[in-house]
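**Student:** Build me a model:
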Amino acid sequence: MTMLSMDSFGSLFLALCCCAIVLLPPSCRAELPENHVAFFIFGDSLLDSGNNIYLKGGGAAGSLPYGETFFKRPTGRVCNGRIVPDFISEYAKLPYIKPYLEPGFTDYTNGVNFASAGAGVLPGTHPGTLYFKLQLNYFEEVVKGLKRQLGDADAHKLLSKAVYLFSIGGNDYNAIQNNPKATASFRKMYMTMILGNITAGIKQVYAHGGRKFAFQNVGPIGCMPATRASSGSEGCSHDLTVIAKMHNIALSRLLKRIEQGLPGFKYALFDYYTSLTIRTLYSSKFGFKVGMSACCGSGPYNGQFTCGKKNGTTSGYTLCSDPTEYVWFDAAHPTEMANRQLASLLWDGPSRTVGPYNMKMFFKMP
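**Tutor:** Numbers count the residues shown, from 1 in each chain. Okay, here's the model as predicted:
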């Protein structure tokens, strides 16, 4: 009888172990806690946790002072520290949700952040970003990955219990701000197109089991330091304010219709617009000293997008000494302090601000 050498025996043993692992039934796979709720994020710079630093160009948020307050380094978040999804993750006792494009990121069981600074609902709004449909395409890849990792049944269970947060559309409206062809009828058609694409995205996620949807409506794009700096106005831009309000009214009506048409669909609509507007106009009531100007930037209201950029060997921007005193960090994005307040409202704010559900309800919901 031929005797096996120790090397041969070791190889055979390893092969048998590999076969045993491959043949394990789904019940032997690592199981998630029964109350585990994943968190998936779609949107623009308000929610981007770092996808854009992996895109060509990298974006301005890839350099200090972005990230300086909390992370002590730039992470790709367009903020001096944490953004709204980070605080929601803290409240839900989840780790900060990683950006989809982060190299080596393959464990999607806590969720994924697909948001991309500059992204629009429409592909042409900012070419080179992860526009909404592309984010949804990446979500499809994540679904496949979860099925490989957990098996079909457990992947579907995770996707059904997960919470999905959306904040997108503001960049689309900003993109037509100075378009002379943007007549009233064009704007109406444009808004219908944006809402149609959002509807398609909701149904795509719903088809994979998604039932708990949270939405930030379009923020006060007419009141951003960038808008007021470009218009030379002390007040908010009339046209952008009107179209943001129109979109938000239409989004509210749309979600009510979807709720009636999709069994089990539940939503939280956060009035981000009003919440950020009142902090901008009445900053001292919310613990801020400056509401109309940005902490970091240049020009009127620090409303030029120069934060983090250098002019030769010197900084091409001014930076405030204490971002906690400001509502806006740069020309279009709130500070970490403002984000903390906004996230708290989204989590469990009053029904006039977020409803019919809130994020706390969603994460506690079976």
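
**Student:** any idea how far residue 257 is from the closest residue to residue 44 other than its chain neighbours?
**Tutor:** Spatial nearest neighbour of residue 44, excluding adjacent residues (CB to CB, 6 or more residues apart in numbering): residue 119 at 4.7 Å. Backbone N, C-alpha and C define where each C-beta goes, glycine included. Per CB to CB, to the nearest Å, residue 119 is found 25 Å from residue 257.

**Student:** cool, and residue 353?
**Tutor:** Relative to residue 257, residue 353 is positioned 22 Å away (CB to CB).

**Student:** Which one's more surrounded, the two?
**Tutor:** Ranked by neighbour count (other CB atoms under 10 Å), residue 353 and residue 257 place residue 353 first, with 16 against 10.

**Student:** How about the contacts made by the more buried one?
**Tutor:** Residues near residue 353 by CB atoms under 8 Å, 6 or more residues apart in numbering: 270, 271, 274, 275, 345.

**Student:** Beyond the lowest-mean-pLDDT helix or strand in the chain, next helix or strand please.
**Tutor:** Ranked by mean pLDDT, DSSP states H and E, the weakest helix or strand in the chain is helix 6-22, scoring a mean of 43. Next along the chain after helix 6-22, taking DSSP states H and E as the criterion, comes strand 39-43.

**Student:** That following strand: partners in the sheet, and parallel or antiparallel?
**Tutor:** strand 111-113 (parallel), strand 163-167 (parallel) (DSSP bridges).

**Student:** Would you mind identifying the next helix or strand past the helix or strand harbouring residue 133?
**Tutor:** Secondary structure assignment for residue 133, by DSSP H and E: helix 132-150. Next helix or strand after helix 132-150 toward the C-terminus (DSSP H and E): helix 152-161.

**Student:** Of all the residues in that following helix, which ones are buried?
**Tutor:** Under the neighbour-count criterion of 16 or more other CB atoms under 10 Å, helix 152-161 has 154, 155, 156, 157, 158, 159, 161 buried.

**Student:** Nearest spatial neighbour of residue 122, chain-adjacent residues omitted?
**Tutor:** Going by CB to CB, 6+ apart, residue 122 has residue 172 as its nearest residue, at 5.5 Å.

**Student:** Could you give the separation of stretch 38-46 from the chain centroid?
**Tutor:** Relative to its chain's centre, stretch 38-46 lies at 3 Å (CA atoms, centre = their mean, to the nearest Å).

**Student:** quick one: the strands in the stretch 251-366 of the chain?
**Tutor:** Taking DSSP state E, counting those that start in this stretch, the strands of the stretch 251-366 of the chain run over residues 266-270, 290-294, 296-297, 310-311, 314-315, 318-319, 326-328, 354-356.

**Student:** okay, now residue 192: neighbour count?
**Tutor:** By other CB under 10 Å, the residues close to residue 192 number 11.

**Student:** Which positions within the one helix or strand it maps to qualify as buried?
**Tutor:** Following DSSP H and E, one finds residue 192 within helix 184-207. When burial is assessed from 16+ other CB under 10 Å, helix 184-207 yields the following buried residues: 187, 190, 191, 194, 195, 197, 198, 201, 202, 205, 206.

**Student:** Between helix 184-207 and the helix holding residue 133, find me the angle.
**Tutor:** Between the axes of helix 132-150 and helix 184-207, defined by axes from the mean of the first three to the mean of the last three CA atoms, to 10 degrees, the angle is 0 degrees.
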